[in-house]
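Q: Let me see the structure of the following:
(2 chains)
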Number of protein chains: 2
Amino acid sequence: LSNNFDFSRSIANNIPPVPISGRAVVPRVKYDFTTAFLDPSSLPIEGLNLALKTALEDEGQDLAYYPHPQGHPKMREFITDKLKLERSMEIDPDQVILTTGSGQAVARVIELLTNPNDTVITEEFSYQGTLNILRRYGAKLVGAPMDREGIIPEALDKILHRLHKTATKAKYIYTIPTFQNPTGADMSLERRKSFLQIARNHNIPIFEDDCYADLRFTGENTPSLYALDDTNSVVYCGSFSKILAPGMRLGFMVVPKGLVENIKAIHLGATPSQFAILATLYFLKDHLSEHVQKLTTIFHSRKDTAFGAVGEAFGNIVKCDNPDGGLYLWLEFPPNCDLASILPKAREYGMSWGTGAGFSPGQDRKNYMRLCYGHLEPSIIRDGIHQIADFLRQEQII
Amino acid sequence: LSNNFDFSRSIANNIPPVPISGRAVVPRVKYDFTTAFLDPSSLPIEGLNLALKTALEDEGQDLAYYPHPQGHPKMREFITDKLKLERSMEIDPDQVILTTGSGQAVARVIELLTNPNDTVITEEFSYQGTLNILRRYGAKLVGAPMDREGIIPEALDKILHRLHKTATKAKYIYTIPTFQNPTGADMSLERRKSFLQIARNHNIPIFEDDCYADLRFTGENTPSLYALDDTNSVVYCGSFSKILAPGMRLGFMVVPKGLVENIKAIHLGATPSQFAILATLYFLKDHLSEHVQKLTTIFHSRKDTAFGAVGEAFGNIVKCDNPDGGLYLWLEFPPNCDLASILPKAREYGMSWGTGAGFSPGQDRKNYMRLCYGHLEPSIIRDGIHQIADFLRQEQII
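A: Numbers count the residues shown, from 1 in each chain, chains lettered A, B, ... in the order given. The predicted structure follows:
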């Protein structure tokens, strides 16, 4: 056993570690709907090779030096232009900080903004990775009721008033307004405006996670919350994991100018790989629209397959919205269905899914299921969903 | 100005941010000896392109999934084998955690082990990046006297006894035993053993930074402190920045088994790029010895040029050891020479160097100069050192 190391009182250890998987996050069973992967066969392997070759010819020798602490300036300009075009955001490249995936952005923003016992509001269901980090930093989580347009402003207002009565002020709201993970909810423009108004009335800042906004199948882009806010009260993050490759480990945050130095100080020593940035930048600057179009076409078709199969296999036993984008379906089963306890047995039979428990900031919600379809062939999606339904019937869960 | 963000009491803000450069760390003037860069022209651009191509053919589709939270298993096996061969370390790949450069390893280990006002011992001069992170986490720094074999065990013993008398226990010792940055000191086997014995007598754990061990020009490898310790009291870190490219942003730590889960918890969401790992792994598994040989040949010759020029230009005005490896020379000037205040003017004349102040854990040591030669052509090295000497004479510093 280790000797002499004493970190019982250390800052890092004030916060109990959350259990994290010791294994790579890869599909483990034939019908593995657990994680929002991309489609391996649609990765632009050849394109990345060519992009990297050009990038290294152009500026490869600069790898001998140390990258800019906020990340490659050209990449931050590319992101600035992309966010202006697609998310109606008017920002300066100096507000962009590159990170190893949006996970690191989420961790650093939460580290900056959260003290143990701070109250943080999330959607009623939210991204498991963020919930884990929030718990690690000791946040008390309050889930805000939502419908298929995301957080319901009136419900948020009630929560904030209720907190006010107990002399509690929410520290911030973490929200995924576009193709919300796990529910797929997509905030309309009107909803965004009334949501922002409520937050502003209570002086609560917002942490907007916009990782899935690129993956729209139908409808027009709505501006990000960041774009619609005029009080500098939104921190924003995005990712290249969903349009290029999770393994690239490349994401970014956009922070109001007044926060840049604070975030940089805690981001110290964690600049992402310039090598990965070069390949990503040189590939996407020539192929962004075309590649995203290719991906969304695949995902749209797979979503249709999955949504159809859910209807066939479960009928009206489950409630499931038909999302306009993203990488998952969210199924609500009758309240007595425990989809968490049965999961280990399901895995033995070659099936797996995400459970409501993982995505719940509050009490255990066992009657929900997230199905990720992005990485699976249509026949596997269809067969898998039918197999899951058969299995749940056989086990008398439904 | 930002509105509504309140992080005045936050964990991250308990610690005052240290000023960090807002710019990329690249050479800025003709004779820029400031930073330990690599030689841009010796980067294996073609080799990396080929390695990446093979890697992507072999396992590129796995980029669609999420990497192992400790980093690619094959890379951790490669590191395990490398450390066994070169550093006499017997470890398990599960003890290795990949990081975005050793800077991130240093930050996470310090975050885990340090509380505000903890006493941490470093060498009398030490790596500026680490000192900044230690200060950020509120460490009180004590510099231990050193000679050209690194920390002097008897002096360390005295410091620890002195601390003991004031009821203070040093939390840990941060040391760079091999080609110490900035001094170039290299601990002999005997010195390592007696150093470890003193640390063990006082039950003080050690954080060993071994980033430069690959760059040996003369003499045989000595085992790392980790290898020589039998009490599981050493945390170790290393880097690929010095043998491949700083821009790859790839390093690692090796931690005693009892600390793995704690480090993983605070490393959450910061796994380095799998893309960068693949290129690095596939290149180095076929070319490690050959490439390191190529680099050390270049650096050895440039060191000889630099060392010769220092002798010619400064004569016996400065003390300078002839290092057996690494990327820098360390010059001690007479005590009254202020090499820090004159630096801005020197930059206007196209020269730059590292100052003792930056590398000093304690009081400002103005009469020291670090010269990094790895990225500069021999003629630039020679001319630059003579120009610096002429400039200092002209300014009546020497």
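
Q: does any part of the lowest-mean-pLDDT helix or strand in chain A sit near chain B?
A: Within chain A, no helix or strand scores below helix A:260-267, which has a mean of 81 by mean pLDDT, DSSP states H and E. Yes. Helix A:260-267 reaches chain B (CB under 8 Å from any CB of the partner chain) through A:Glu261, A:Asn262, A:Lys264, A:Ala265, A:Ile266. Yep, even glycine has a C-beta here, placed from its N, CA and C like the rest.

Q: Can I get the residues you listed in a markdown table including neighbour count?
A: Shown next, in a markdown table, are the residues of helix A:260-267 next to chain B (neighbours: other CB atoms under 10 Å in any protein chain shown):
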| residue | neighbour count |
| --- | --- |
| A:Glu261 | 13 |
| A:Asn262 | 20 |
| A:Lys264 | 19 |
| A:Ala265 | 19 |
| A:Ile266 | 21 |
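
Q: and of these, the nearest to A:Ile173?
A: The nearest member of the residues of helix A:260-267 next to chain B to A:Ile173, counting by CB to CB, is A:Asn262 at 19.4 Å.

Q: pLDDT at the nearest residue to that closest one once chain neighbours are set aside, what is it?
A: Closest residue in space to A:Asn262, ignoring its immediate chain neighbours: A:Leu112 at 5.9 Å, by CB to CB, 6 or more residues apart in numbering or on different chains. pLDDT for A:Leu112: 87.

Q: For my notes, confirm A:Leu112 occurs in a helix.
A: Yes. Applying DSSP: H, G, I helix; E, B strand; the rest coil, one finds A:Leu112 inside a helix.

Q: Would you confirm that it contacts A:Ile263?
A: Yes. Assessed by CB atoms under 8 Å, A:Leu112 is found in contact with A:Ile263 at 6.1 Å.

Q: In chain A, spot the helix with the most residues.
A: For chain A, the longest helix by residue count, based on DSSP state H, is helix A:274-314.

Q: Next one: it, is it in contact with chain B?
A: Yes. Helix A:274-314 reaches chain B (CB under 8 Å from any CB) through A:Gln274, A:Phe275, A:Ala276, A:Ala279.

Q: now stretch A:326-334
A: No. On the criterion CB under 8 Å from any CB, stretch A:326-334 is out of touch with chain B, staying 11.5 Å away.

Q: quick one, strands of the stretch 101-250 of chain A?
A: A:119-123, A:140-144, A:146-147, A:150-151, A:172-175, A:206-209, A:234-239 (DSSP state E, counting those that start in this stretch).

Q: Off-centre distance for stretch A:145-155?
A: Stretch A:145-155 has its C-alpha centroid displaced from the chain centroid by 18 Å (CA atoms, centre = their mean, to the nearest Å).

Q: Show residues contacting that stretch.
A: A:123-125, A:144, A:173, A:175, A:177, A:180, A:183-188, A:191, A:194-195, A:197-198, A:321 (CB atoms under 8 Å, 6 or more residues apart in numbering or on different chains).

Q: Output the below-cut-off pLDDT ranges for the stretch 1-150 of chain A.
A: Filtered on pLDDT under 70, the stretch 1-150 of chain A yields the residue ranges A:1-4, A:6-24.

Q: Break down it into its helices, ranges please.
A: A:45-59, A:73-87, A:101-113, A:128-136 (DSSP state H, counting those that start in this stretch).

Q: which of these is buried the deepest?
A: helix A:101-113 (a mean of 26; mean count of other CB atoms under 10 Å in any protein chain shown).

Q: tilt between that one and helix A:128-136?
A: Using axes from the mean of the first three to the mean of the last three CA atoms, to 10 degrees, the direction of helix A:101-113 lies 20 degrees away from that of helix A:128-136.

Q: Dump the strands of the stretch 101-250 of chain A to a markdown table, plus mean neighbour count and distance to B:Ser41.
A: Output for the strands of the stretch 101-250 of chain A, formatted as a markdown table (neighbours: other CB atoms under 10 Å in any protein chain shown; distance: least, CB to CB, whole Å):
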| stretch | mean neighbour count | distance to B:Ser41 |
| --- | --- | --- |
| strand A:119-123 | 24 | 51 |
| strand A:140-144 | 19 | 53 |
| strand A:146-147 | 17 | 57 |
| strand A:150-151 | 26 | 53 |
| strand A:172-175 | 27 | 47 |
| strand A:206-209 | 26 | 42 |
| strand A:234-239 | 26 | 35 |
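
Q: Minimum distance to B:His202: which of the ones you listed has it?
A: That would be strand A:140-144 among the strands of the stretch 101-250 of chain A, by CB to CB, at 41.7 Å.

Q: which helices and strands sit right next to the closest one?
A: strand A:119-123, helix A:128-136, helix A:153-165 (3 or more CB pairs under 8 Å, 6 or more residues apart in numbering or on different chains; DSSP states H and E).

Q: what's the neighbour count on A:Met125?
A: You called it Met, but residue A:125 is Phe. 24 (other CB atoms under 10 Å in any protein chain shown).

Q: For it, which residues are in contact?
A: So A:Phe125 contacts A:Gly143, A:Met146, A:Pro182, A:Thr183, A:Trp330, A:Gly356, A:Phe359, A:Ser360, A:Pro361, A:Arg365, A:Tyr368 (CB under 8 Å, 6+ apart).

Q: Just confirm the third one contacts A:Thr355, I think it does.
A: No. Here A:Pro182 does not reach A:Thr355: they are 9.8 Å apart, not a contact under CB under 8 Å.

Q: Can you pick out the residue with more neighbours from the two?
A: Neighbours were tallied for A:Pro182 and for A:Thr355 using other CB under 10 Å; the higher tally belongs to A:Pro182 (29 against 24).
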